[in-house]
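S.K.: Sequence first, predicted model second:
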Amino acid sequence: MNVQKIDYHTDDETLYRLAELFKVFGDPTRIRILYTLSQKELCVQDIADNLNMTQSAISHQLRILKQAALVKFRREGKTIYYSLADDHVATIMAQGLEHVCE
């Protein structure tokens, strides 16, 4: 087994922040939203429609994902579009899926 050694500064605060990040990933609804956004940029209504959920429920979860810097948004007129914050989020999702599908 080839294990990659990670050499980051790992003080207690950094490890706490990592644990908090994984807590955000621990919710199935948020994972479904992230997976949906990994396909394309969407507005709240489109996400709600895709996941068969209310706009209110999606907005609540998006707020948590924004606070964790996992999603970003842009405004076009009155509509706000959401997407994954960066390639790191896509990589975490892809590696997680690869792991559970092995």
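M.R.: Here it is on my side, so go on.

S.K.: Do you have the strands of the chain handy? List them.
M.R.: Secondary structure of the chain (DSSP state E): strands located at 42-43, 71-76, 79-84.

S.K.: Including distance to residue 62, mean neighbour count and mean pLDDT, could those go into a markdown table?
M.R.: (C-beta placed from N, C-alpha, C; glycine too.) Supplementary listing: those in a markdown table, determined by distance: least, Cβ to Cβ, whole Å; neighbours: other Cβ atoms under 10 Å; pLDDT from 0 to 100:
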| stretch | distance to residue 62 | mean neighbour count | mean pLDDT |
| --- | --- | --- | --- |
| strand 42-43 | 10 | 18 | 98 |
| strand 71-76 | 6 | 13 | 97 |
| strand 79-84 | 6 | 16 | 97 |
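
S.K.: can I get those strands in TSV with distance to residue 19?
M.R.: Shown next, in TSV, are those (distance: least, Cβ to Cβ, whole Å):
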stretch	distance to residue 19
strand 42-43	29
strand 71-76	20
strand 79-84	21
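
S.K.: and residue 40, how far is that from residue 58?
M.R.: 15 Å (Cβ to Cβ, to the nearest Å).

S.K.: just residue 16 next, same as before
M.R.: 28 Å.

S.K.: if you count what's nearby, which of those two comes out ahead?
M.R.: The neighbour comparison of residue 16 against residue 58 (other Cβ atoms under 10 Å) goes to residue 58, with 25 against 10.

S.K.: Would you confirm that that one contacts residue 52?
M.R.: No: at 10.6 Å, residue 58 does not count as touching residue 52 under the criterion of Cβ atoms under 8 Å.

S.K.: Would you mind giving both backbone torsions of the spatially closest residue to residue 83 that is not a sequence neighbour?
M.R.: Leaving aside its chain neighbours, residue 83 sits nearest to residue 41 (4.2 Å; criterion: Cβ to Cβ, 6 or more residues apart in numbering). Torsion angles at residue 41 (phi, psi; degrees, to the nearest 10) stand at phi -70, psi 140.
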